[in-house]
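Student: Test case, fold it:
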Amino acid sequence: MTLKPLGDRVLVKPVEKKEQKKGGIIIPDTAKEKPMEGTVEAVGPGKLTDTGDRLAMNVKKGDRVLYGKYSGTEVKINDLDYLIMHEDDIFGIVG
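Tutor: Residues are numbered from 1 along each chain as shown. A predicted model of the protein is given here:
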């Protein structure tokens, strides 16, 4: 199954951080912070203006991006976790 975002939406695969244990304490998944970095997997065609013109997207497939902690909606495709969010929710591209 594939997903093609509409409008100014972006499909992002969050980067999984390596688990670090300090002092032998294991932190449960529910207490871990959500990653705020990911890779763009697909982009929509862009937002439509009031005049019907389409604005170009600033991100493209393959870009590594930073986004807000609670940005986007979680979706599961082929047993993999993704986020779908508006381009405005992305803070920047990691270079």
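Student: switch to C-alpha atoms for all contacts and neighbour counts from now on
Tutor: Will do.
Student: what's the closest non-adjacent residue to Glu74?
Tutor: Residue nearest to Glu74 in three dimensions, not counting chain neighbours: Leu83, with 4.6 Å by C-alpha to C-alpha, 6 or more residues apart in numbering.
Student: didn't the one you found look like it was pressed against Val15?
Tutor: No: the pair formed by Leu83 and Val15 falls short of the contact definition of C-alpha atoms under 8 Å, at 11.1 Å.
Student: neighbour count winner among those two?
Tutor: Leu83 (18 against 15; other C-alpha atoms under 10 Å).
Student: which residues touch the more buried one?
Tutor: Under the criterion of C-alpha atoms under 8 Å, 6 or more residues apart in numbering, the neighbours of Leu83 are 11-14, 72-75.
Student: Include pLDDT and neighbour count when you put the residues you listed into JSON lines, please.
Tutor: Below are the contacts of Leu83 laid out as JSON lines (pLDDT from 0 to 100; neighbours: other C-alpha atoms under 10 Å):
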{"residue": "Leu11", "pLDDT": "96", "neighbour count": "26"}
{"residue": "Val12", "pLDDT": "96", "neighbour count": "27"}
{"residue": "Lys13", "pLDDT": "95", "neighbour count": "21"}
{"residue": "Pro14", "pLDDT": "93", "neighbour count": "20"}
{"residue": "Gly72", "pLDDT": "92", "neighbour count": "20"}
{"residue": "Thr73", "pLDDT": "94", "neighbour count": "11"}
{"residue": "Glu74", "pLDDT": "94", "neighbour count": "13"}
{"residue": "Val75", "pLDDT": "93", "neighbour count": "14"}
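Student: From Gly72, how far out is the residue nearest in space to the middle of the chain?
Tutor: Taking C-alpha atoms, centre = their mean as the criterion, Val12 is the residue nearest the geometric centre of the chain, at 3.0 Å. In this view, Val12 and Gly72 are 9 Å apart by C-alpha to C-alpha, to the nearest Å.
Student: Alright, calling it a day.
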